[in-house]
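K.L.:
Structure of the sequence below:
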Amino acid sequence: MRPALETAALPEDAIEIGRITDAWGIKGWFKVLPHSASPETLFSSKQWFLLPPDRPIKPKRATDSAQAAVSMSTWTAPLLLAIEEVKNHSDTVVACAQGLGDRNAAESLRGARIFVPRSSFPAAAEGEYYWVDLLGLRVVNREGLDLGQVRDLMSTGPQTVLVIEAAPETEGGKPLERMIPFVSAFVDSVDLPGQRITVDWQPDY
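P.N.:
Residues are numbered from 1 along each chain as shown. Coordinates of the predicted model:
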């Protein structure tokens, strides 16, 4: 039997932070795959918004039926999941929520994408940044040369690497890709309001 969950309007500042991968145990717990190596938001938020796998991220206005329970078999709108507990277990993250009482209920969420409002993120410590806030920032070096824009970030174990996409060298060519370790030895400053990262890096590195 599938769980009855309520539809809800997806917040305009909703950020995808992970996915539900599978059931865990027999009491409705489920495994979560965070998108970040430091999934603080999974532990701090008590309300998760769920979308089916690969559903376009489009905030929806709540309808007259927004408070009605829906079946996962007819899942078309964002669903609100009230989280009871989240914890680390071995090398994974597991969670349980209201309305999920057994393994079958948890299995019905397999593949669901987890979103929370950006406004609900806990404040980052000084000198620390959320990955989502770095995406799209322009990267310039100390001489003011534009090295490109942050397209992605990669975790390589002890450090994070900025994946920078720059304009192609020739017309019609492929965009250039640069990788800069996000460490103080190379990153001078991060200006979030100014949408810019200044680095000690040369284009031919």
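K.L.:
In contact with the closest residue to Ile17 other than its chain neighbours, which residues?
P.N.:
Once flanking residues are discounted, Ile17 sits nearest to Thr41: 5.2 Å by Cβ to Cβ, 6 or more residues apart in numbering. For glycine as for every other residue, the C-beta is placed from the backbone atoms N, C-alpha and C. With contact set as Cβ atoms under 8 Å, 6 or more residues apart in numbering, Thr41 has these partners: 15, 17, 116, 120-122.
K.L.:
cool, Asn88 as well?
P.N.:
Val94.
K.L.:
Next: Arg142.
P.N.:
Arg142 sits next to 188, 198-200 when contact means Cβ under 8 Å, 6+ apart.
K.L.:
I'd like the residues you listed laid out as JSON lines, including distance to Leu50 and secondary structure.
P.N.:
As requested, the contacts of Arg142 are exported to JSON lines (distance: Cβ to Cβ, whole Å; DSSP: H, G, I helix; E, B strand; the rest coil):
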{"residue": "Asp188", "distance to Leu50": "40", "secondary structure": "strand"}
{"residue": "Thr198", "distance to Leu50": "38", "secondary structure": "strand"}
{"residue": "Val199", "distance to Leu50": "37", "secondary structure": "strand"}
{"residue": "Asp200", "distance to Leu50": "42", "secondary structure": "coil"}
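K.L.:
which one of these has the most neighbours?
P.N.:
Val199 (22 neighbours; other Cβ atoms under 10 Å).
K.L.:
which residues does that residue form a beta bridge with?
P.N.:
Beta-bridge partners recorded for Val199 (DSSP bridges): Asn141, Val187.
K.L.:
That one touches Val190, doesn't it?
P.N.:
No - using Cβ atoms under 8 Å as the test, Val199 is too far from Val190 to be in contact (9.8 Å).
K.L.:
need the helices for this protein, in chain order.
P.N.:
In the chain, the helices defined using DSSP state H lie at 40-44, 103-107, 131-134.
K.L.:
State the distance from Ser184 to Gln159.
P.N.:
To Gln159, Ser184 is 11 Å away according to Cβ to Cβ, to the nearest Å.
K.L.:
pretty sure Trp201 is in contact with Ile180, am I right?
P.N.:
Yes - counting by Cβ under 8 Å, Trp201 touches Ile180, with 5.5 Å between them.
K.L.:
overlap in contacts of the two?
P.N.:
With Cβ under 8 Å, 6+ apart as the test, Trp201 and Ile180 both reach 139, 147, 186.
K.L.:
List the contacts of the last one.
P.N.:
In other words, Phe186. Contact partners of Phe186, counting by Cβ under 8 Å, 6+ apart, are 180, 199-201.
K.L.:
for the second one, same thing?
P.N.:
If a contact means Cβ under 8 Å, 6+ apart, then Leu147 has 139-141, 164, 166, 178, 180, 199, 201, 203 as its contacts.
K.L.:
how about stretch 118-136: buried residues?
P.N.:
Using 16 or more other Cβ atoms under 10 Å as the burial criterion, the residues of stretch 118-136 that qualify are 118, 121, 129-134.
K.L.:
Inside strands: which ones of the contacts of Thr41?
P.N.:
Counted as lying in strands by DSSP state E, out of those, are 15, 17, 116.
K.L.:
What about the contacts of Leu147, which are in strands?
P.N.:
With strands defined by DSSP E, the entries of the contacts of Leu147 inside them are 139-141, 164, 166, 178, 180, 199.
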